[in-house]
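Engineer: Here is a sequence together with a model predicted from it:
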Amino acid sequence: MADEGSSATSHAPIAGPLASGTTPSLTLARSLNCDSNALLSMPPFDLFVAQISSDSTEARVDAMKKLSIVGDAMGTKDTIEKLIPYLNDTLAKSEDSDEDDEILLLLAGQLAELVPGLVPGYEAMPLIPTLERLCCIDETVVRDKAVKTLNKIVPLLLPGGRYEDGMPFGLLRSTAQRLANADWFTAKVSAAGVLPTMYAFWNAHASRGAAADEVRREFRILFKDLSEDDTPMVRRSAAKNLGRFVEAVAGLTKSADDMIKSGAAQPAVADDNKRLVTFEIVPIFQALSADEQDSVRLLAVSCAGSVGCGLAREPSVTADVVLPVVRGGCADLSWRVRHNLSKIFATVTGSLGFVGPKHIARQTEVFKLFSGLLQDSEAEVRAAAVENIARMAQLGGADLFQAHIAPLLPALSDDLVMEVRSKLAQTLMDCCDPSICTALTDEIILQDFRPLLENFLNDEFAEVQLHILSKLSRVSHLLGQMDVVVNSILQMARAQNWRVRDAVGRLLPFLAEARGVSFFEDHLLEPWLKIMSDQVADVRAACIAGMPKLLSVCGSEWIMQEILPNYTRMYDESHSYLTRITVLRSFAALSVQDGENALKISDALMEQIVSLMLRGLTDSVPNVRLIAARGLGLVTISGQCDGGIMKSKIVPALNELVHQEQDIDCRYQCQLALEAKV
């Protein structure tokens, strides 16, 4: 196939279904031992076969990268009848040779691109044998990609297509049996990855009855055998996929993590499914959680949330089944096990179902376990646990937060490892985000968070500072009671790191809202103007983005008295067109609504904005004229401009520029501004 990155020659474009305006590269022509002109008329399938049969690795890799393109060129019918059988035959022959793993990896990924866009789900069964072979390859990345593709295709094999009797159920059942009962561990590793999807497919599409129940029982036995395999890699794969298998057996359609994070109510779990989870899956979970290999245990404990949801979050059951595993994981001698449990601790806590005064004792125990992870000797464990603080606060409430988490925050804020401090800064601001946590009151934030915020804003690492600055607007209503925090922000307006200056610029309008207009005039106006003239474009853009907020807080009259004279002076004294662009964009931004606040621009201010934009239309630099035309478009869209000004000033100026402007981009922006009027 022609290399898309090759340079063009005098050849005519490729004709036929692969026409793309490119011509075959000389490298490709040499690899196929074929005249480049002959490639122009070669059918896509023949070209693919020629490339894939070539001795050149480059040509074969190029062919496999374009497998989905070849399929599109051939069409659905020829892809199913010619291309897929050819791939099956080629892969079968390659098992006796050392086929390049890169090509097999590309094949596994490209097969996923064929379904369902080109090959309908009910026509995709011929891909299953190919993917089954790829699931047995020694190379791990090839197997993983094949399992991922198989898991994508299986749910699309909807009954009702052109199947023979018993299909696709018979094919999937036999595939699972061959993979799980294979002699070599590679196939068994893949089997653990596809069994949850196949079980879920049976739940969704198989008819109710003894036959379907028998197949599901067989799948559970196969998974149990894999979890007890002598090879650690197989048990590791079983532990990795145990959560998905539990959810499939329980009949859940969403993962435990999605349910807990969204705060969705626990879906009903049928009594039969709950019984299967309790008596067949829970023993697997307990055995893998106590495995001698820590690489198995760390994956098993991370499935605790799925097991809890599979048991319908019934406290009486999870206390006996899941909580002991969590307790053991928190005390595990391997830091990797504790680390994996720390990462999903909030999900596990939510799945236990310990809600209400009746379960306060168990809630307290869970929070004590969590506080132990926050004080772990390994920094990786502490950092992972810290990320769960906001969700744990939401799950446990203010009392448990203050009793078990708040006392540990000062020590964590002084942690010697920067990553721990960075994660803590991020999660503290998440605690102030209503979409994540609503359990903490303003009093708690001021009492427990204010000293930490002061500490983080003076941290030696900019990453820690940025996590606070970028989200400090979430507590803007409390900044009036945080004098030290405000002083730190003002000092950081001169920080060497431009990202810090950018964050400060975006925060200053919120400080004006919290501390008042007079405070902005006395303390913030000078930093604002310095940021406005910063050498870094993104820092200047922070002031542009803050103009709507500043207008809603301070009003049009204040903008005209304090901001307009300074900006006009900057425009007049500018030595760079970038300064003029920044000023024009700032005033154009005033025409953009600030959130839900109504847009209110006085007639006098609007007249000044229009005058400055019209002045920009006459600038000698095309970029400035373009920004001025775009600004007039925003003014027009806002509907705040007086009709007389539109008719007498804006429209004539734009029409004149459309006819006189030589720069095509400027003319285009002027036309857009005129069309906005309509």
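Structural biologist: Yep, it's here.

Engineer: for the residue nearest to the spatial centre of the chain, what are its contacts?
Structural biologist: By CA atoms, centre = their mean, the chain has its centre lying nearest to residue 258, at 13.6 Å. By CB atoms under 8 Å, 6 or more residues apart in numbering, the contact set of residue 258 is residue 264. C-beta coordinates here come from the backbone N, C-alpha and C atoms, glycine included.

Engineer: any idea which element it lies in?
Structural biologist: helix 256-262 (DSSP states H and E).

Engineer: packing partners for the helix or strand following that helix?
Structural biologist: Going down the chain from helix 256-262, the next helix or strand is helix 271-276, by DSSP H and E. Here helix 271-276 touches helix 242-250, going by 3 or more CB pairs under 8 Å, 6 or more residues apart in numbering; DSSP states H and E.

Engineer: Need the residues that contact the helix it packs on.
Structural biologist: Contact with helix 242-250 is made by 195-197, 199-200, 203, 220, 223, 227, 254-256, 269, 273-274, 276-277, 280-281, 284-285, 288, 299-300, 302-303, 305-307, 309-312, as judged by CB under 8 Å, 6+ apart.

Engineer: What of stretch 204-219?
Structural biologist: With contacts defined as CB under 8 Å, 6+ apart, stretch 204-219 is touched by 155, 158, 159, 169, 173, 176, 177, 195, 198, 199, 202, 203.

Engineer: change it to 6 Å
Structural biologist: With CB atoms under 6 Å, 6 or more residues apart in numbering as the test, stretch 204-219 has contacts from 159, 173, 195, 199, 202.

Engineer: Turn those residues into a markdown table, including neighbour count, distance to residue 183 and pLDDT.
Structural biologist: Below are those laid out as a markdown table (neighbours: other CB atoms under 10 Å; distance: CB to CB, whole Å; pLDDT from 0 to 100):
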| residue | neighbour count | distance to residue 183 | pLDDT |
| --- | --- | --- | --- |
| 159 | 14 | 33 | 61 |
| 173 | 16 | 20 | 92 |
| 195 | 23 | 18 | 96 |
| 199 | 23 | 24 | 94 |
| 202 | 19 | 26 | 90 |
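
Engineer: Determine which two of those residues are furthest apart.
Structural biologist: The span of these, defined through CB to CB, is set by 159 and 195 at 19.7 Å.

Engineer: Counting residues, name the longest helix you see in the chain.
Structural biologist: Longest helix of the chain, by residue count under DSSP state H: helix 185-205.

Engineer: Off-centre distance for that one?
Structural biologist: 26 Å (CA atoms, centre = their mean, to the nearest Å).

Engineer: quick one, the next helix or strand after that helix and helix 242-250 angle?
Structural biologist: The helix or strand immediately downstream of helix 185-205 is helix 210-227, counting by DSSP H and E. Per axes from the mean of the first three to the mean of the last three CA atoms, to 10 degrees, the angle that helix 210-227 makes with helix 242-250 is 160 degrees.

Engineer: in helix 210-227, what counts as buried?
Structural biologist: 215, 216, 219, 220, 222, 223, 226, 227 (16 or more other CB atoms under 10 Å).

Engineer: was I right about residue 609 contacting residue 586?
Structural biologist: No. Here residue 609 does not reach residue 586: they are 9.9 Å apart, not a contact under CB atoms under 6 Å.

Engineer: on that earlier part again, tell me the one of the contacts of stretch 204-219 nearest residue 552?
Structural biologist: Using CB to CB, residue 199 comes nearest to residue 552 of the contacts of stretch 204-219, at 54.8 Å.

Engineer: can you map out the helices along the stretch 501-650 of the chain?
Structural biologist: Along the stretch 501-650 of the chain, counting by DSSP state H, counting those that start in this stretch, helices occupy 517-519, 525-532, 537-554, 556-558, 564-572, 577-589, 603-616, 622-638, 643-645.

Engineer: can you tell me which of these the model trusts least?
Structural biologist: Within the helices of the stretch 501-650 of the chain, the stretch with the lowest mean pLDDT is helix 643-645, showing a mean of 84.

Engineer: outside of it, which residues touch it?
Structural biologist: residue 610.

Engineer: just stretch 133-152 next, same as before
Structural biologist: By CB under 6 Å, 6+ apart, stretch 133-152 touches 91, 101, 104-105, 108-109, 111-112, 131, 186-187, 190, 193-194, 197.

Engineer: between the residues you listed, which is nearest residue 642?
Structural biologist: Ranked by distance to residue 642 (CB to CB), the contacts of stretch 133-152 are led by residue 112 at 57.7 Å.

Engineer: Per-residue pLDDT of the closest one, please?
Structural biologist: 92.

Engineer: The one 4 residues further on now?
Structural biologist: pLDDT for residue 116: 87.

Engineer: Nearest residue to it in space, please, no chain neighbours.
Structural biologist: Once flanking residues are discounted, residue 116 sits nearest to residue 156: 5.5 Å by CB to CB, 6 or more residues apart in numbering.

Engineer: Counting neighbours, what do you get for that neighbour?
Structural biologist: Per other CB atoms under 10 Å, the neighbour tally for residue 156 reads 15.

Engineer: Ok, residue 379 next?
Structural biologist: Residue 379 has 15 neighbours, counted by other CB under 10 Å.

Engineer: my guess is it contacts residue 417, does it?
Structural biologist: Yes. Under the criterion of CB under 6 Å, residue 379 makes contact with residue 417 at 4.0 Å.

Engineer: so where's this protein uncertain?
Structural biologist: By pLDDT under 70, the low-scoring segments of the chain are 1-36, 39, 93-99, 159-167, 593-599, 677-678.

Engineer: Let me know the outermost residue of it.
Structural biologist: residue 648 (49.3 Å).

Engineer: Let me see the contact set for residue 398.
Structural biologist: Going by CB under 6 Å, 6+ apart, residue 398 touches 439, 440.

Engineer: Residue 509 too?
Structural biologist: For residue 509, the contacting residues are 546, 549, 550, by CB under 6 Å, 6+ apart.

Engineer: how much space between the residue nearest to the last one when sequence neighbours are not counted and residue 583?
Structural biologist: With CB to CB, 6+ apart as the criterion, residue 550 has its nearest non-adjacent residue at 4.6 Å, and that residue is residue 509. If you measure residue 509 against residue 583 using CB to CB, to the nearest Å, the figure is 17 Å.

Engineer: and residue 253, backbone torsions?
Structural biologist: Dihedral angles phi and psi of residue 253 (degrees, to the nearest 10) take the values phi -100, psi -10.

Engineer: Residue 387 now?
Structural biologist: Residue 387 adopts backbone torsions of phi -60, psi -20, taken as degrees, to the nearest 10.

Engineer: surely it meets residue 423?
Structural biologist: Yes. Shown here, residue 387 and residue 423 form a contact pair, counting by CB under 6 Å, at 5.4 Å.

Engineer: Neighbour count: the two, which is higher?
Structural biologist: With neighbours defined as other CB under 10 Å, residue 387 and residue 423 compare such that residue 423 has more, 23 against 17.

Engineer: Next, the contact list for the more buried one, please.
Structural biologist: When contacts are counted by CB under 6 Å, 6+ apart, residue 423 touches 383, 386, 387.

Engineer: Could you dump these into CSV and include distance to residue 411?
Structural biologist: Below are the contacts of residue 423 laid out as CSV (distance: CB to CB, whole Å):
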residue, distance to residue 411
383, 14
386, 11
387, 17
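
Engineer: Pick the one among those closest to residue 521.
Structural biologist: Distances from residue 521 to these, taken by CB to CB, are shortest for residue 386, at 39.5 Å.

Engineer: shouldn't the residue nearest to residue 116 be in contact with residue 121?
Structural biologist: Yes. Counting by CB under 6 Å, residue 156 touches residue 121, with 3.0 Å between them.

Engineer: State the distance from the residue lying closest to residue 441 once chain neighbours are set aside to residue 431.
Structural biologist: Residue nearest to residue 441 in three dimensions, not counting chain neighbours: residue 398, with 6.5 Å by CB to CB, 6+ apart. For residue 398, the distance to residue 431 (CB to CB) stands at 11 Å.

Engineer: All set now, cheers.
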